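J.: 3D model of this:
(one chain, ligands or ions: 2)
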Amino acid sequence: MKALPQPPPLNFEADEFALFLDIDGTLLEHAAHPDAVRVDDDLLALLQAAERQLGGALAFVTGRSIAAVDRLFAPLRLPAAGLYGLEHRLSANGPVEAAGEPADIAALAEEIAAEFDGANVYIERKGPILALHTRAAPQLLARAIRLVEQALDRLPPGYRVLPGNAGVELMPLEAAKGAAIRRFTELPAFTGRRPVFLGDDTSDENGFQAINEDGGIAIRVRPQGDTLAPYGLGGVPEAISWLKRCAGYPPTKAASS
Ligand SMILES: O=P(O)(O)OC[C@H]1O[C@H](O[C@H]2O[C@H](CO)[C@@H](O)[C@H](O)[C@H]2O)[C@H](O)[C@@H](O)[C@@H]1O
Ligand SMILES: [Mg+2]
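T.: Ligands and ions are numbered 1, 2, ... in the order given. Below you'll find the model as predicted:
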């Protein structure tokens, strides 16, 4: 694959951009368990500065639940689309439109937990989405994917399986980051701005597609294989550095006084 060019630095203060951020693999390095990632004070301060400069046009767009995002980034709260857009919080202090766990997904979660009893596989129950994490037991990835694919045949229509490098997720068809981003771009705080989306994963490609169609800037972090994003950044440190340049962070003494 041809190396992607780096995105040009943007001026977040220019009232021109709306920023959408994936979390894992984009802002945070991966860890063996979803709860093992850490948000440091520097990242929090960067996000706060960016939110201010963008006039509030900043949102997380993630596969995590919004409750999990809030725990991670406390005390910072941002507008967020969680569960690939099945959950929304349209403004920083607004209510969360949460998604519950259907009975058939609850039953499947119990069944799969029994299958992997004693194995180092983390089963994350996220309302209508079931994620099996095998990062700590890579030899079990193929079995996890097989189990979820077999389960798909027994579920009512409307679900799909999204295999990854370190796990597999079963999710409703309407869970898609592109639609999640577009929900924000219709809001007063975001509308009329050029959307910019940073993501690192297959599940972000649908977001890149929407961003491309809407004249925005799509950036894939640690690009591997095909991507719809025209720009790339080498990894989490490069993504953070680029965001810092765009936000002029940390501020120089003259700028902050
Ligand atoms: O859309 P994202 O913000 O990138 O979230 C995607 C998933 O992130 C989390 O899982 C991933 O990160 C974990 C921590 O590094 C890692 O242990 C796991 O293997 C990864 O899949 C989160 O737990 C999921 O719910 C998100 O869907
Ligand atoms: Mg990610």
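J.: from here on, contacts and neighbour counts on C-alpha atoms
T.: Will do.
J.: Please tell me how far A3 sits from A229.
T.: Distance, A3 to A229, by CA to CA, to the nearest Å: 11 Å.
J.: Which one of the two is surrounded by more residues?
T.: Looking at A3 and A229 with other CA atoms under 10 Å, you find the greater number of neighbours at A229, namely 23 against 12.
J.: Leaving out chain neighbours, which residue sits closest to that one?
T.: Ranked by CA to CA, 6 or more residues apart in numbering and with sequence neighbours excluded, the top spatial neighbour of A229 is A218, at 4.9 Å.
J.: So what touches the helix or strand hosting that neighbour?
T.: Element membership of A218 [criterion: DSSP states H and E] is strand 217-221. By CA atoms under 8 Å, 6 or more residues apart in numbering, the surrounding residues in contact with strand 217-221 are 7, 25-26, 194-201, 208, 211-212, 227-236, 239.
J.: Now with 7 Å, please.
T.: Residues from elsewhere that reach strand 217-221, judged by CA atoms under 7 Å, 6 or more residues apart in numbering: 26, 195-200, 208, 211-212, 229-235, 239.
J.: Would you map out the domains in the chain?
T.: 12-94+175-256, 103-172 (automatic domain parsing).
J.: if I look at the closest residue to ligand 2 within the chain, how far off is A14?
T.: Taking CA to the ion, ligand 2 has its nearest neighbour within the chain at D24, 4.1 Å off. According to CA to CA, D24 and A14 sit 27 Å apart.
J.: What of A247?
T.: For A247, the distance to A14 equals 10 Å [CA to CA].
J.: and the strand or helix carrying L44, how far from the chain's centre?
T.: In this assignment (DSSP H and E), L44 forms part of helix 41-53. Its chain's C-alpha centre and that of helix 41-53 lie 17 Å apart, by CA atoms, centre = their mean, to the nearest Å.
J.: now do stretch 171-188
T.: 12 Å.
J.: what's the span of it, first residue to last?
T.: Start-to-end, stretch 171-188 (CA to CA) is 30 Å.
J.: Show me the residue sitting in the middle of the chain in space.
T.: Closest to where the C-alpha atoms of the chain average out (CA atoms, centre = their mean) is T62, at 2.5 Å.
J.: so who does L155 touch?
T.: L155 neighbours (CA under 7 Å, 6+ apart): none.
J.: cool, and the one 4 residues further on?
T.: With contact set as CA under 7 Å, 6+ apart, Y159 has these partners: 170-173.
J.: okay, now the residue nearest to it when sequence neighbours are not counted: neighbour count?
T.: Distances taken as CA to CA, 6+ apart put P172 closest to Y159, at 4.2 Å, once the chain neighbours are dropped. Neighbours of P172 under the rule other CA under 10 Å: 18.
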